[in-house]
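S.K.: Fold the following for me, if possible:
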Amino acid sequence: MSAATASSDGRIETYEDFVKVHGLLLAASGLPQSLHFKLFEKLTSETFDGGAHFEIEPCEDGRQRRLLLTSDTMTKESDVFLIDHAWTFRLPDAYKQLQEVPGLAERMAALMCVDVDDDAGLEETVENGWKMTVEEVLESEIRNAKENGDGVVRWLELEELGLDDTTLLSLNLSTKFPDLVALSLCGNKLENDEKLVQEVTKFKNLKALWLNNNPVLEKSDVGMEAAILRGCPKLEIYNSSFTHTFGEWALGFCADVIGKDNPVISHQGDLALQSVTSLYLSNRRIHNLINKAFSPFEMPNLSHLNIRGNLIEENSVSDLFGILKAFYCLQTLEVDIPGPLGESAVEILESLPTLSSLNGVDASKILETEKHVVDSMLQPRLPEWTAGEPLSDRVLNAMWLYLMTYRLADEEKLDETPVWYVMDELGSALRHSDEPNFRVAPFLFMRDGTLASAVSYSILWPTENVNKGNECTRDYLFGIGEDKQRSARLTAWFYTPESYFIKEYEKHHNKLQSKRLPSMPVKSSTTSAVRCSDGSALRVYTDIPQVEEFLTRPEFVITNEPKDADIIWTSMQVDEDMKKAVGIADQQYVNQFPFEACLVMKHHLADTIQKAQGSPGWLQPTYNLETHLSQLIGDYCVRKRDGLNNLWILKPWNMARTIDTTVTDTLSAIIRLMETGPKICQKYIEHPALFKGKKFDLRYIVLVRSINPLEIFLSDVFWVRLANNPYSLEKHSLFEYETHFTVMNYGRRLNHMNTPEFVREFEEEHQVKWLDIHQRVKSMIRSVFESAAAVHPEMHDLKSRAMYGVDVMLDGSFQPKLLEVTYCPDCMRACKYDTKAIFGGGEVVRGRDFFNFVFGCLFLNENIHVSQL
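M.R.: Got it, this is the predicted structure:
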């Protein structure tokens, strides 16, 4: 969001002033010009009239809200409404504000529907407040069977009665009810798998068995399930999943033909499922769909089929299409895409021409837009919390379903830290739709024509005709199509098919595992020293104060004119435009290599290493969210499935000093943080090596004379950067910069420690030899630059010499991990502090000589205070 110049008299008084000041904001918002004057009127009069046109209604059992129109009608682009922002904050301040601002946590918890503990599990089984005992339930079932049937109990539900293993055995159910076809023991206290198998396998006619929410399921392995299936050969449903022997009973149950009041199929000419028109088979763990019961002969009138959430991996795509084609009445289908029918909605519709709707979307629209991944029926992610959990923690978990963001800017600069906000209760009740009828945009109203006077709102207007009682919706990903990973990004708000993302991750992982770059041999230097033909000093142009101050050796002299220099040493990017602007010629040496972005931009660095090395141990799993979000989601799902740590760090492609860098274990947060700019997502080093309980990293200085052949040198000077707070993985600590980050020399308390002192104390604390660590670090740094040289040979340039900062962290096993590579690193510490070389003779390295030996190495081929890698 950028501000314009205010009108001459300051305060906005007229519509003309409003447009002059807010012209760019109005254009960026997308608000139709016909509504600009109405917006001006409502802003200047502070008119919040949404309550006269809309109402908020609970949905999803009170865990979500939706917005309904109460006016008789509202036509497209006929009005605009102001939405207040209930909470505006910078991400690092979120937890602190929830703790300290009176009433904030309570309001946000109510707005996000996390303010009430869920006591549904405590409901009584009868309305008058007392709970039936198991004996009373059995007596009731026997009485009902006699009064309403043939006296035989075939369906028995003993749910949430506190049954333990001893009580179950004492009931002797198999003797009392030998003809049971369905038994539910959900929500009890059954723990012993041997006793349970012994009891339930006595029912030889059992078709369905539910044991959900019993401790035995947490303790047992697949052996218990296998024993039950062997002992109950007719079982078709086990814990809500289909067994491999499922047939017409299971299908009839899912089609509401079978139930407690009608527990058995009366075979009338083997046409038991003839009347079935809708069949819901979602999440039944079906591996093989093709059998005698699932056929058009058994269900000739089937018109709606839902097979979501099933792998059905034992059937080929062509075989599945073959059986589905035979259902001539099939009109609507719900299936995971990608999934058992392939990866394309278009191909599914072309193979099943009778379909009029696929995943809730009109077939003709899919074919018209050629959209391959479609789904209008995704289940929403609803906030989850535990009883007694503090409101502030519930809000932190739920807020990513509601947050929106913008960045402030004026004519001077862009604010580096994004602003996050939550719309008020009305705005937050707008749910998502791929075909929305409203649009929302943030808007800054600068009453005095200046950014300092700005108040942030959101503006809401109808984009379609809406009638009374219609739900009002917006597109959470407005303007974002499949070219920007729309389907994957919807995972922030909805449950999307995990199986697809896991497959994408596995393909990506296997591809990385196949890469391995052979190490390049280290060759003697072939680069010539740089000399002036007349023997005079080399002229150096620099815009870096430390170079200007500390480059004092007589072989070099500072010049203020770039065109007169032999060496250009600058913090700015030297591209063709800059060369033309300041007169830089091809014969001048420059302190950067062509295409060095492959090293110094985080997403290119990861891509370079992965192309060359695959997935080396010193690079944490890293994903460019702009291109590999699906693979990241798959990795996250696999880690969650396997019970592994899922803490990740998000870093902007090209920001320094940890700006807009976030640590989180929330998938919705990872996806939503893409909205503040392109980022990489990297597995967080959750167990780093610590120094006296605090996190640290190491800044190494690498000097590059040549890319081909590769000539790189490691400075003897490196330094440690320490966090200020003791390290912790407690979730609230993730908001504490000085606990998880180490860059403190920009307005924070900097605790410098002399490198030899750090090394000595670190060796004593951990009983390790720094020489061993140093050798591993050197090998890793060499591999990084070998990767760049192999993947990007175009980096080589005879007139390039450069210095890079390489940031390294040690994990809990003292193995080095690459953090990033920095162009023209800040060498304030190297120049300010004298130190001693850790290896060799331990000679003193004076800070004021740092750039003297850097330039000596790069341009005079000296090896003082450096070692070749």
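
S.K.: and the strand or helix carrying F851, what does it pack onto?
M.R.: Remark: F851 resides in helix 850-860, with elements defined by DSSP states H and E. Counting contacts by 3 or more CB pairs under 8 Å, 6 or more residues apart in numbering; DSSP states H and E, helix 850-860 packs against helix 545-550, strand 694-706, strand 711-715, strand 802-810, helix 828-832. (Each C-beta comes from the backbone N, C-alpha and C, glycine too.)

S.K.: Please determine how far Q331 is located from G842.
M.R.: Going from Q331 to G842 by CB to CB, to the nearest Å gives 82 Å.

S.K.: Which one of those two is surrounded by more residues?
M.R.: With neighbours defined as other CB atoms under 10 Å, Q331 and G842 compare such that Q331 has more, 16 against 11.

S.K.: doesn't H304 make contact with that one?
M.R.: Yes: at 6.9 Å, Q331 counts as touching H304 under the criterion of CB atoms under 8 Å.

S.K.: In the stretch 701-850 of the chain, where is pLDDT below threshold?
M.R.: Along the stretch 701-850 of the chain, segments meeting pLDDT under 70 span 744-748.

S.K.: ranges for the helices of it?
M.R.: In the stretch 701-850 of the chain, the helices defined using DSSP state H, counting those that start in this stretch lie at 737-740, 755-766, 770-791, 828-832, 850-860.

S.K.: Nearest residue to the middle of this structure?
M.R.: With distances taken as CA atoms, centre = their mean, the chain has I670 as the residue nearest its mean C-alpha position (3.0 Å).

S.K.: which residues touch that residue?
M.R.: I670 makes contacts with L625, L632, Y636, W648, L650, T664, C681, as judged by CB atoms under 8 Å, 6 or more residues apart in numbering.

S.K.: measure it to L650 for me?
M.R.: Noted for I670: a distance of 6 Å to L650, by CB to CB.

S.K.: what touches both of those two?
M.R.: With CB under 8 Å, 6+ apart, I670 and L650 have common neighbours L625, T664, C681.

S.K.: Tell me the one among these nearest to E435.
M.R.: Using CB to CB, L625 comes nearest to E435 of the shared contacts of I670 and L650, at 26.5 Å.

S.K.: these two touch, right, the closest one and K679?
M.R.: Yes: between L625 and K679 there is a contact at 5.3 Å, judged by CB under 8 Å.

S.K.: any shared contact partners between the two?
M.R.: L650.

S.K.: Those two: which is more packed in?
M.R.: Relative neighbour count places K679 above the other of L625 and K679, with 25 against 22, counting by other CB under 10 Å.

S.K.: Check what pLDDT that one gets.
M.R.: K679 carries a pLDDT score of 96 in this model.

S.K.: what's the burial count for the nearest residue to G842 once chain neighbours are set aside?
M.R.: In space, and not counting its chain neighbours, G842 is closest to K836: 5.2 Å by CB to CB, 6 or more residues apart in numbering. Residues near K836, counting by other CB under 10 Å, number 17.

S.K.: so K836 bridges to which residues?
M.R.: V844 (DSSP bridges).

S.K.: got the end-to-end distance for stretch 803-822?
M.R.: 9 Å (CA to CA, to the nearest Å).

S.K.: Quick one: distance of it to the chain centre.
M.R.: The chain centroid and the centroid of stretch 803-822 are separated by 24 Å under CA atoms, centre = their mean, to the nearest Å.

S.K.: Below-threshold pLDDT in the stretch 501-650 of the chain: ranges please.
M.R.: By pLDDT under 70, the stretch 501-650 of the chain contains no weakly predicted segment.

S.K.: Tell me where it has helices.
M.R.: Remark: helices assigned in the stretch 501-650 of the chain by DSSP H, counting those that start in this stretch are 545-550, 576-582, 597-600, 602-613, 629-641.

S.K.: Check which helices and strands the longest one sits against.
M.R.: The one in question is helix 629-641. Helix 629-641 sits against helix 486-489, helix 498-513, strand 622-624, helix 667-672, with contacts defined as 3+ CB pairs under 8 Å, 6+ apart.
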